[in-house]
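# how would this look folded up:
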Amino acid sequence: MGRAGLFLVLGMAVAFGFIGGSLRNSAEALTGAQVGYYKYSFARNMSRLAINRHLRYIDRGLTPPSSASFEGGSYTVSATSVGDTLNLVSRGVYAESTYVMRVKLLFTPKPFPVADAAVGIRAEPATMNFTGKASVDGRNYTADGSALVGSGDKPGVTVMSPADSAAIMASGGSNITGLPPVTADEDATDPAPFVPEYEQSAHYVFNTPGNVSGSWTFGSVASPVIVVCNTGSADTNFSIRFTGNIVGYGILAINGNVKFSGSFEWYGLVIAYGLNNVISFEALGNPQIVGGLMVAGNEGASLTLKGTGSGGKVKYSSAALDQARRIGRLLYYSIVEWYE
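Numbers count the residues shown, from 1 in each chain. Purely as a prediction, here's the structure:
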């Protein structure tokens with residue numbers, strides 16, 4: 001081989017060596033970029049997981065964790081609330097990659113039946129019977145029913161027809177308080193269309209007729225709940241009875257006739273719906289509702305209040321109703337700001 005051929009071979013070897021090195025460097029750079037993007041994406045997904053998991057805990061009325069680990073990654077999330085606004089800062093970490101999200105959300109309650117009285121009866125005919133010290137009070141009380149607010153008073157009872165209004169006023173007399181004590185409003189809110197939402201979102205469901213006795217605490221002031229009694233029975237023997245030491249916060253929806261006795265206390269909204277609802281507060285014990293009672297009967301409704309205790313049986317409270325409308329499962333979130 002002449003010198004020219006040797007130089008050609010050496011030149012080609014150097015060229016191929018350079019090309020091979022470049023290819024190896026490119027492959028290593030590509031692999032590094034792919035690994036880096038994977039780490040970045042996983043850290044970003046961990047940050048998103050933190051926000052989604054935090055909101056799901058709120059939906060369930062639970063306290064969200066501030067940190068967690070998943071598949072080798074981890075996250076931390078901090079939350080601050082101001083009124084209806086929730087600010088979240090989440091930090092997702094995977095290997096040496098970190099991704100931060102800052103989110104501002106507005107809590108918005110779903111449509112909620114407007115309780116325009118301590119007792120609203122959306123049924124004809126409507127009757128009420130009072131015995132002893134049982135009472136209905138449309139004045140606006142604090143959320144725990146312990147004191148008057150001094151503003152925002154409502155009627156004691158709202159019915160659909162003037163005839164029913166006059167009859168109930170004659171029956172209740174001084175046992176009904178409100179502004180006015182009794183009034184007729186044929187356009188009053190019908191709570192029945194809201195019930196399917198409560199059935200789907202219920203925390204507790206009673207499907208069998210009988211007694212709810214013993215000691216029960218449904219929810220709390222901070223975490224109100226939805227209780228549905230869907231016995232589907234409209235008989236005068238009362239398909240569901242609350243007879244124990246029962247305290248509840250939120251929404252109680254009852255399909256069928258109901259009897260309250262013992263030390264039953266409910267703070268929020270109680271809905272009785274069905275064909276011909278019969279609601280009875282027994283003389284034994286001191287059952288009471290603080291918030292509002294709404295009755296919807298397609299073929300009429302009757303309410304009997306008996307009482308020997310000194311406390312009111314139904315007290316209107318806008319604050320207790322507001323707590324009920326803010327149940328986690330009845331809220332949705334509007335994005336105000338989202339920064340990544």
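# In stretch 324-339, which residues are buried?
324-325, 327-331 (16 or more other C-beta atoms under 10 Å). Glycine gets a C-beta too; all of them are placed from N, C-alpha and C.
# got the CA coordinates for that stretch in CSV?
Only the C-alpha atoms of stretch 324-339 are listed here, as CSV (Å, rounded to 0.1, in the frame of the first residue of the first chain):
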residue,chain,number,x,y,z
ALA,A,324,-75.2,21.9,56.3
ARG,A,325,-74.9,23.4,52.8
ARG,A,326,-71.1,23.2,53.2
ILE,A,327,-70.8,19.4,53.5
GLY,A,328,-67.7,18.3,51.7
ARG,A,329,-69.5,16.0,49.3
LEU,A,330,-71.8,18.9,48.3
LEU,A,331,-69.0,21.3,47.4
TYR,A,332,-67.2,21.8,44.1
TYR,A,333,-64.0,23.7,43.4
SER,A,334,-63.6,26.6,41.0
ILE,A,335,-60.0,27.4,40.0
VAL,A,336,-59.1,31.0,40.8
GLU,A,337,-55.3,30.7,40.2
TRP,A,338,-53.0,27.8,39.2
TYR,A,339,-49.2,28.3,39.0
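# Tell me how confident the model is about that stretch, as a mean pLDDT.
Averaging pLDDT along stretch 324-339 yields 89.
# cool, and stretch 217-224?
The model assigns stretch 217-224 a mean pLDDT of 92.
# and it, how far from the chain's centre?
On the basis of C-alpha atoms, centre = their mean, to the nearest Å, stretch 217-224 sits 10 Å off its chain's mean C-alpha point.
# Buried ones in it, by neighbour count?
Neighbour counts over stretch 217-224 (16+ other C-beta under 10 Å) mark 218-219, 223-224 as buried.
# Nearest to residue 281 among those?
residue 218 (18.3 Å; C-beta to C-beta).
# the strands in the stretch 101-250 of the chain, which residues?
For the stretch 101-250 of the chain, the strands defined by DSSP state E, counting those that start in this stretch cover 119-122, 126-132, 136-137, 157-159, 176-177, 182-184, 204-206, 210-212, 215-218, 225-233, 240-242, 245-256.
# Dump those into TSV; add distance to residue 314 as well.
TSV is the format used below for those (distance: least, C-beta to C-beta, whole Å):
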stretch	distance to residue 314
strand 119-122	6
strand 126-132	11
strand 136-137	5
strand 157-159	9
strand 176-177	10
strand 182-184	13
strand 204-206	22
strand 210-212	19
strand 215-218	18
strand 225-233	18
strand 240-242	14
strand 245-256	13
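# Residue 219: what's its closest spatial neighbour, skipping adjacent residues?
residue 225 (3.6 Å; C-beta to C-beta, 6 or more residues apart in numbering).
# The one you found and residue 84: what is the separation?
Using C-beta to C-beta, to the nearest Å, residue 225 is found at 20 Å from residue 84.
# of the two, who's got more company?
For residue 225 versus residue 84, the count of surrounding residues by other C-beta atoms under 10 Å is larger for residue 225: 23 against 13.
# hey, what's that one bridged with?
Here residue 225 shows beta-bridge partners residue 250, assigned using DSSP bridges.
# so it touches residue 326, yeah?
No: counting by C-beta atoms under 8 Å, residue 225 stays clear of residue 326, with 11.7 Å between them.
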